[in-house]
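In: Can you look at this prediction? I've put the sequence above it.
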Amino acid sequence: MRQVIVYRGEDGFWVSECPSLPGCISQGVTREEAIRNIKEAIDLYIDTLMEDGLPVPEEHFDLLAVAV
């Protein structure tokens with residue numbers, strides 16, 4: 001299981017990223033599409049690391065909402 005951040009980008013597209021996998025970022029026209037795309041990106045990212053014999057980073061982020 002991986003934590004994902006989803007937010008609307010400046011261009012109106014939805015951006016999704018997985019902080020525990022550096023550079024694992026995707027986007028979509030809708031929020032749902034961005035989530036589907038990041039799931040695929042995470043799978044491909046981890047598959048590539050494993051194929052290359054590299055360690056897969058562990059999930060290490062806690063969710064925290066801060067009211068300002």
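Out: Ah, there it is.
In: can you pull out the helices in the protein?
Out: Assigned by DSSP state H, the chain shows helices spanning 31-51.
In: Lowest-scoring secondary structure element of it by mean pLDDT?
Out: Lowest mean confidence among the helices and strands of the chain (mean pLDDT, DSSP states H and E): strand 5-8, at a mean of 96.
In: Run the chain-centre distance for that strand.
Out: 10 Å (Cα atoms, centre = their mean, to the nearest Å).
In: How much space separates the spatially closest residue to Pro19 that is not a sequence neighbour from Val4?
Out: Distance criterion Cβ to Cβ, 6 or more residues apart in numbering; nearest residue to Pro19, sequence neighbours excluded, is Phe61 at 5.3 Å. (C-beta placed from N, C-alpha, C; glycine too.) Distance of Phe61 to Val4, computed by Cβ to Cβ, to the nearest Å: 10 Å.
In: Between those two, tell me which one has more neighbours.
Out: Shown here are Phe61 and Val4; by other Cβ atoms under 10 Å, Val4 has more neighbours (19 against 11).
In: check contacts around the more buried one.
Out: Ser16, Glu17, Cys18, Ile35, Ile38, Ile42 (Cβ atoms under 8 Å, 6 or more residues apart in numbering).
In: One more: Ile5?
Out: Per Cβ under 8 Å, 6+ apart, neighbours of Ile5: Ser16, Glu17, Cys18, Pro19.
In: and the residue nearest to Pro19, what pLDDT?
Out: Looking at Phe61, its pLDDT stands at 73.
In: these two touch, right, it and Leu21?
Out: No - when contacts are counted by Cβ atoms under 8 Å, Phe61 is not listed as touching Leu21 (10.8 Å).
In: Need the outlier residue of this protein, farthest from its centre.
Out: The C-alpha centroid of the chain is most remote from Val68, which lies 25.0 Å away (Cα atoms, centre = their mean).
In: So that residue versus Ala34, what's the distance?
Out: From Val68 across to Ala34, the span is 25 Å (Cβ to Cβ).
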